[in-house]
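S.K.: I'd like to go over a predicted model; first the sequence, then the structure.
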Amino acid sequence: MIQETEIAIRPEWLHDDAHHRRLIADAFGLDPSRITHVEVRRRSVDARRRRPRFVMTFAVWIDEMPRLEPRPEFARRDVTAAPPALIAGFGPAGMFAALRLVALGIKPVVLERGKDVRARRRDVAVLNREGLVDPDSNYCFGEGGAGTFSDGKLYTRSKKRGDVRRVLDLLVQHGASADILVDAHPHIGTNKLPRIVEAIRNTVLACGGEIHFGTKITGFVREGDALAGVRTAGGDTIRGRSLILATGHSARDVFALFRRDALAIEAKSLAMGVRVEHPQSLVDRIQYRCAPRPENLPAAAYSVVQRVDDRGVYSFCMCPGGIICPAATAEGEIVVNGWSPSKRDSPFANAGIVVEIRPEDLASFASEGVFAALAFQQRLEQAACAAGGGRQVAPAQRLVDFVDGRASGSLPPCSYVRGLEPADLAEVVPAAMHRRLREALRAFGHTMRGYLTNEAVVVGVESRTSSPVRIPRDAETLMHPQVRGLFPCGEGAGYAGGIMSAAMDGERCADAVGRFLATAVPATPASPRPRAG
């Protein structure tokens, strides 16, 4: 007999299997000897009580030996001579699209503007050390996409968009800890993601797929209303009848291609604001109501939301035990983001606090049409750069000073590696956004006692929460309405928000490519090949 039960475990007993069995036996009223096997199905932290607990769901085998299903393994197929399908971008959407194409017997040919993850690390190190931005290799661009150096949080509410468990299983098969299969809010960590990304690349190559780094798309080749290939910055024309466009939310040059070629693209809402950092010990004390943090409890996180003038203001990409990083993709702009190592052991906790921006809020950019949000985003990032003084130094203000509209004479310690410059963020952030942020932060201080403190710092600006535009696609075929064979995908196209939803959308688009190629005319080989990176 197999039963499930949910048990509250004190943090100090988290790793004591014998203690777990005793509690399970008590819950069922059994002699512990009748329990033949126990498996953890889910684990979360309940901090609502005075003493936080882990809530664990166990599958329990009683009076019978377990017949355990083997873990799924990726079905490796040789696609060397299979019909090709192009993929632009090798972030989460592109990676999982490539794996799915292999499983379908289709050869993925990946075109990635940036560098492989090891070379990319060197460019990120230069950015951190010297403030120099490589426009094609940075925190947003390169193998693994923005997720590689931006934390690796795997939580999603998009359960209906695809197979969450399959994505998690694939990550485990490529080196992620099996803990992500049971944690309520799974997390890999920026220090471990590069190794997993590299393993996925090696799987694609071992199966006969192709991955070309340093290969940026500069145009679409069309024959009538059908895609026939792409042009690259290196002067190559790469033939192909299908393209999964998974270039990410910061590929502004790709959006410009749609404007240049008069291809349909749409305005959409997004959110922008600032990043707020507290000492992690303070967030632990607020959330767990005790200090120091009990053994085995993870660094505490928080999630807050407030409506101000019919606009949502909320926390985004909260990074407990985390670090603020420079995420700009061009010189003359400041963009901040956050990440956490796998142990979440930084002494700081940071989160984006962002305001919902709708197309009707951008009247002063009306001349830009559907690109109004993109123009606003650029203007905000340029203003932050001017206030910081250049070299990726970010403008900042103490939290209470920001809320009260008062200058900060000095700033508290901060994880942001490029350093901070005291600034009045009211001169960086537009008035309506600034007011909504101040009102919401004041409200957060009432709901989280201790949150509103000058030990915390507000850093500008958090502006890359999602794509500033949406590339339309048919709901059934997932193709662009004007170009047969073009499949807008992931965050950059406006159909995902994070690693998991992007990965699932990549799989969906790969499935759509499979259906399209099965009904289309025989494939044209994807040649000539681009120069390999």
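M.R.: Thanks, I have it.
S.K.: alpha carbons only for contacts and neighbour counts from here, please
M.R.: Fine.
S.K.: can you pull up the bridge partners for R311?
M.R.: V308 (DSSP bridges).
S.K.: Verify the contact between it and V355 for me.
M.R.: Yes: between R311 and V355 a contact is recorded at 7.0 Å, counting by C-alpha atoms under 8 Å.
S.K.: Between these two, point out the one with more neighbours.
M.R.: Shown here are R311 and V355; by other C-alpha atoms under 10 Å, V355 has more neighbours (27 against 15).
S.K.: what does the model give the more buried one for pLDDT?
M.R.: Listed pLDDT for V355 reads 98.
S.K.: Then R442?
M.R.: 98.
S.K.: what's the answer for V276, then?
M.R.: pLDDT for V276: 98.
S.K.: OK, contacts around it?
M.R.: If you count contacts by C-alpha atoms under 8 Å, 6 or more residues apart in numbering, V276 has them with 350-353, 399, 456-459.
S.K.: If you rank those by neighbours, which is first?
M.R.: When neighbours are counted by other C-alpha under 10 Å, N350 leads these with 34 neighbours.
S.K.: Does it touch L282 like I think?
M.R.: No: no contact is recorded between N350 and L282 when judged using C-alpha under 8 Å, the distance being 11.7 Å.
S.K.: Quick check: L478 vs D261, distance?
M.R.: 20 Å (C-alpha to C-alpha, to the nearest Å).
S.K.: of the two, who's got more company?
M.R.: L478 (23 against 10).
S.K.: Provide a list of residues in contact with the more buried one.
M.R.: 487-488, 509, 512.
S.K.: Now do the SS call for it.
M.R.: Assigned by DSSP: H, G, I helix; E, B strand; the rest coil, the conformation of L478 is coil.
S.K.: do the same with V197
M.R.: Applying three-state DSSP: V197 is helix.
S.K.: Start at 37, not 1
M.R.: Sure thing, new numbering starts at 37, so read that last one as V233.
S.K.: can you pull the pLDDT of it?
M.R.: On the pLDDT scale, V233 gets 95.
S.K.: Tell me if I'm right that it and G181 touch.
M.R.: No: here V233 does not reach G181: they are 9.6 Å apart, not a contact under C-alpha under 8 Å.
S.K.: more neighbours, these two?
M.R.: Under the criterion of other C-alpha under 10 Å, the comparison of V233 against G181 puts G181 first, with 29 against 23.
S.K.: Distance-wise, check the more buried one relative to G284.
M.R.: From G181 over to G284 the distance is 7 Å, taken as C-alpha to C-alpha.
S.K.: where do the contact lists of the two overlap?
M.R.: 125, 127.
S.K.: ok, so what distance separates the closest residue to G265 other than its chain neighbours from C243?
M.R.: Among residues not flanking G265 along the chain, R275 sits closest, at 4.1 Å (C-alpha to C-alpha, 6 or more residues apart in numbering). Using C-alpha to C-alpha, R275 is found at 21 Å from C243.
S.K.: same check, this time on F64
M.R.: 49 Å.
S.K.: what's the answer for A95, then?
M.R.: Distance from A95 to C243, by C-alpha to C-alpha: 36 Å.
S.K.: The two: which has the busier surroundings?
M.R.: Each of A95 and C243 has its neighbours counted (other C-alpha under 10 Å); C243 has more, 20 against 17.
S.K.: Helix, strand, or coil at the closest residue to the more buried one other than its chain neighbours?
M.R.: Closest residue to C243 apart from its sequence neighbours, by C-alpha to C-alpha, 6+ apart: D114 at 4.8 Å. Following three-state DSSP, the label given to D114 is coil.
S.K.: now do F294
M.R.: Assigned state for F294: helix (three-state reduction, three-state DSSP).
S.K.: That one against I301, yeah?
M.R.: Yes: with contact defined as C-alpha under 8 Å, F294 counts as touching I301 (6.9 Å).
S.K.: Of these two, which one has the most company?
M.R.: When neighbours are counted by other C-alpha under 10 Å, F294 and I301 differ, and I301 comes out ahead with 18 against 15.
S.K.: Tell me who's in contact with that one.
M.R.: Per C-alpha under 8 Å, 6+ apart, neighbours of I301: 294-295, 406, 505-508.
S.K.: Tell me how far it lies from A430.
M.R.: For I301, the distance to A430 - C-alpha to C-alpha - is 32 Å.
S.K.: do the same with E367
M.R.: Where A430 is concerned, E367 sits at a distance of 13 Å (C-alpha to C-alpha).
S.K.: Among these two, which residue is more densely surrounded?
M.R.: Shown here are E367 and A430; by other C-alpha under 10 Å, A430 has more neighbours (28 against 16).
S.K.: Now do the contacts for the more buried one.
M.R.: With the criterion set at C-alpha under 8 Å, 6+ apart, A430 makes contact with 370, 420-421, 423-424, 454-457, 495-496.
S.K.: Same check on R295?
M.R.: Contacts of R295 by C-alpha under 8 Å, 6+ apart are I301.
S.K.: confidence score at the residue nearest to G265?
M.R.: 97.
S.K.: can you check P106 too?
M.R.: P106 carries a pLDDT value of 80.
S.K.: Then P561?
M.R.: pLDDT, read off for P561, is 46.
S.K.: list the buried ones in the longest strand anywhere in the chain?
M.R.: Ranked by number of residues, the top strand in the chain under DSSP state E is strand 71-82. For strand 71-82, the neighbour count (16 or more other C-alpha atoms under 10 Å) marks 71, 73-74, 76, 78-81 as buried.
S.K.: and for the next helix or strand after it, what are the contacting residues?
M.R.: Next helix or strand after strand 71-82 toward the C-terminus (DSSP states H and E): strand 89-98. With C-alpha under 8 Å, 6+ apart as the test, strand 89-98 has contacts from 37-47, 50, 70-83.
S.K.: give me that answer again for 7 Å
M.R.: The list of residues contacting strand 89-98 from outside it, by C-alpha atoms under 7 Å, 6 or more residues apart in numbering, reads 37-47, 70-83.
S.K.: so that strand versus strand 71-82, what angle?
M.R.: Interaxial angle, strand 89-98 versus strand 71-82 (axes from the mean of the first three to the mean of the last three C-alpha atoms, to 10 degrees): 160 degrees.
S.K.: Show me what the next helix or strand after strand 89-98 is packed against.
M.R.: Downstream of strand 89-98, the first helix or strand assigned by DSSP H and E is strand 120-124. Counting contacts by 3 or more C-alpha pairs under 7 Å, 6 or more residues apart in numbering; DSSP states H and E, strand 120-124 packs against strand 143-148, strand 279-281.
S.K.: Repeat the analysis, applying 8 Å as the threshold.
M.R.: Strand 120-124 sits against helix 128-139, strand 143-148, strand 279-281, with contacts defined as 3 or more C-alpha pairs under 8 Å, 6 or more residues apart in numbering; DSSP states H and E.
S.K.: export the contacts of L514 to a markdown table and tack on pLDDT?
M.R.: Output for the contacts of L514, formatted as a markdown table (pLDDT from 0 to 100):
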| residue | pLDDT |
| --- | --- |
| F523 | 98 |
| P524 | 98 |
| C545 | 98 |
| A548 | 98 |
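S.K.: Report the two of those residues separated the most.
M.R.: Largest separation among the contacts of L514 by C-alpha to C-alpha: P524 and A548, giving 11.1 Å.
S.K.: Of those two, which one has the most company?
M.R.: P524 (27 against 19).
S.K.: What are the phi and psi values at the more buried one?
M.R.: In terms of degrees, to the nearest 10, the main-chain angles of P524 are phi -60, psi 140.
S.K.: and this structure, what are its domains?
M.R.: Residue ranges for each domain of the chain read 38-98, 120-301+517-555, 303-498, as given by automatic domain parsing.
S.K.: Just put those in JSON lines and tack on distance to E105.
M.R.: Listed next are these as JSON lines, based on distance: least, C-alpha to C-alpha, whole Å:
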{"stretch": "domain 38-98", "distance to E105": "12"}
{"stretch": "domain 120-301+517-555", "distance to E105": "14"}
{"stretch": "domain 303-498", "distance to E105": "28"}
